[in-house]
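Colleague: make a model of this:
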Amino acid sequence: MYRSVPRLVRSQNNFLKGIFGKEKETVKQLTVEEQERLRKTLPSIRARESTQVNAPAEAVSEFDVAMFDKRLDTDAIRARGFLKYTQNYTPSNNVKDQVLETASTCLGVKADSVSQYKFADGDNSLKFELLTRLGKSIKHWPTNGTLVHLETVADIVQFYQTPVKNVTKYTELARDETKPKNVSILEQAVRFHPEDTHMYHGGVTAFPGSGGEVISLRHKRLLRQFQPKKEWFDYDDQTFDYSRPDKNMPWDPEVANQMDKYTDKRYNLKTKQFTRIRQ
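Modeller: Numbering: from 1, shown residues only. Okay, the predicted model is just below:
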């Protein structure tokens, strides 16, 4: 017997519903006991995920909202890449007694003769332990190039008695208030920006179609960029592209702002946390 297509569809209605017209599955609501049991297991799941972080727990600090309230340390940002230290260090008056007391406790030597103590060649375990204690208490760490010259405890005392500045000699001379009045030194270069209409140029450049780019990655955090108008139709507000030229920069802007607040920390993309840099 020949069946027409409509009759065949009606007869196989349940089969077609199973393929094309699946009914929506009802979502099962959790009971009060199941919700309470799930709420108790959440801390163990979070603790298990936190143990997978490879960074040490002492070095990693959680995200702090108060970092945005601190002032941007421009000197520390400029010091990245060409200076040994990015943070200023001013020794206290009792730093010598503090170093000798810590060395006497760590090395097991009397306080009278601890300054003459010399570390054994090839064994840096005691030196590492002493510098670790002093670094945590004084918040000042020696660089890799300085570790070779710290042969005795007296060298460590001299290191912690030496002040450190994160600015160059040129910056110090520009900020010197005792320099002659006829000497004028600009600490920062004067850059043109079209939004500075209050300046003498009134926001009008003498070199249209050029400029506006900051090449250095370090100075991109400090100096502003702009997109120059190169063609005649760019001067029409309806056709000019006002998007930032650094919108596709290789770092996340929010992470960059956080790093600027903490110049002694490094952001880890895997752990999504900040790790303190030991200088």
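Colleague: now do the strands in the stretch 1-150 of the chain.
Modeller: Using DSSP state E, counting those that start in this stretch, the strands of the stretch 1-150 of the chain run over 60-61.
Colleague: burial count for residue 243?
Modeller: Using other Cβ atoms under 10 Å as the criterion, residue 243 is surrounded by 8 other residues. For every residue, glycine as well, the C-beta is placed using N, CA and C.
Colleague: what's the closest non-adjacent residue to it?
Modeller: Among residues not flanking residue 243 along the chain, residue 227 sits closest, at 7.6 Å (Cβ to Cβ, 6 or more residues apart in numbering).
Colleague: please, which helix or strand holds the one you found?
Modeller: Using DSSP states H and E, no element contains residue 227; it sits outside every helix and strand.
Colleague: where in this protein is pLDDT low?
Modeller: Within the chain, the ranges that satisfy pLDDT under 70 run 1-28, 42-72, 244-255, 257-263, 267, 278-279.
Colleague: please repeat the previous calculation with a cut-off of 50.
Modeller: Across the chain, the ranges flagged by pLDDT under 50 are 1-2, 5, 9, 15-16, 19-25, 27, 51-71.
Colleague: surely the residue nearest to residue 243 meets residue 210?
Modeller: No: taking contacts as Cβ atoms under 8 Å, residue 227 lies outside contact range of residue 210: 11.4 Å.
Colleague: neighbour count winner among the two?
Modeller: Ranked by neighbour count (other Cβ under 10 Å), residue 227 and residue 210 place residue 227 first, with 16 against 9.
Colleague: can you tell me how far that one sits from residue 194?
Modeller: 9 Å (Cβ to Cβ, to the nearest Å).
Colleague: equivalent analysis for residue 270, please.
Modeller: 40 Å.
Colleague: check residue 39 too.
Modeller: 56 Å.
Colleague: compare neighbour counts for the two and give me the winner.
Modeller: For residue 39 and residue 194, the more surrounded residue by other Cβ under 10 Å is residue 194, and the numbers stand at 15 against 9.
Colleague: and the more buried one, what element?
Modeller: Going by DSSP H and E, residue 194 is not in any helix or strand.
Colleague: was I right to think it contacts residue 202?
Modeller: No: the pair residue 194 / residue 202 is not scored as a contact, 9.7 Å apart, by Cβ under 8 Å.
Colleague: which residue ranges form the helices in the stretch 1-150 of the chain?
Modeller: 5-11, 13-19, 32-50, 74-78, 95-107, 125-138, 144-147 (DSSP state H, counting those that start in this stretch).
Colleague: check which element follows the shortest one along the chain.
Modeller: It refers to helix 144-147. Where DSSP H and E defines the elements, the next helix or strand beyond helix 144-147 is helix 153-161.
Colleague: who are the packing partners of that next one?
Modeller: helix 95-107, helix 125-138 (3 or more Cβ pairs under 8 Å, 6 or more residues apart in numbering; DSSP states H and E).
Colleague: hmm, 7 Å instead?
Modeller: Helix 153-161 sits against helix 95-107, with contacts defined as 3 or more Cβ pairs under 7 Å, 6 or more residues apart in numbering; DSSP states H and E.
Colleague: can you spell out which helices and strands pack onto the helix it packs on?
Modeller: Under the contact definition 3+ Cβ pairs under 7 Å, 6+ apart, helix 95-107 sits against helix 125-138, helix 153-161.
Colleague: for it, list the C-alpha coordinates in CSV.
Modeller: The C-alpha trace of helix 95-107 is given here as CSV (Å, rounded to 0.1, in the frame of the first residue of the first chain):
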residue,chain,number,x,y,z
VAL,A,95,71.8,49.9,60.6
LYS,A,96,75.3,48.8,61.6
ASP,A,97,74.2,47.4,65.0
GLN,A,98,71.3,45.7,63.3
VAL,A,99,73.5,43.9,60.7
LEU,A,100,76.0,42.8,63.4
GLU,A,101,73.3,41.6,65.7
THR,A,102,71.7,39.6,62.9
ALA,A,103,75.0,38.2,61.8
SER,A,104,76.0,37.1,65.3
THR,A,105,72.7,35.3,65.7
CYS,A,106,72.8,33.7,62.2
LEU,A,107,76.5,32.7,62.2
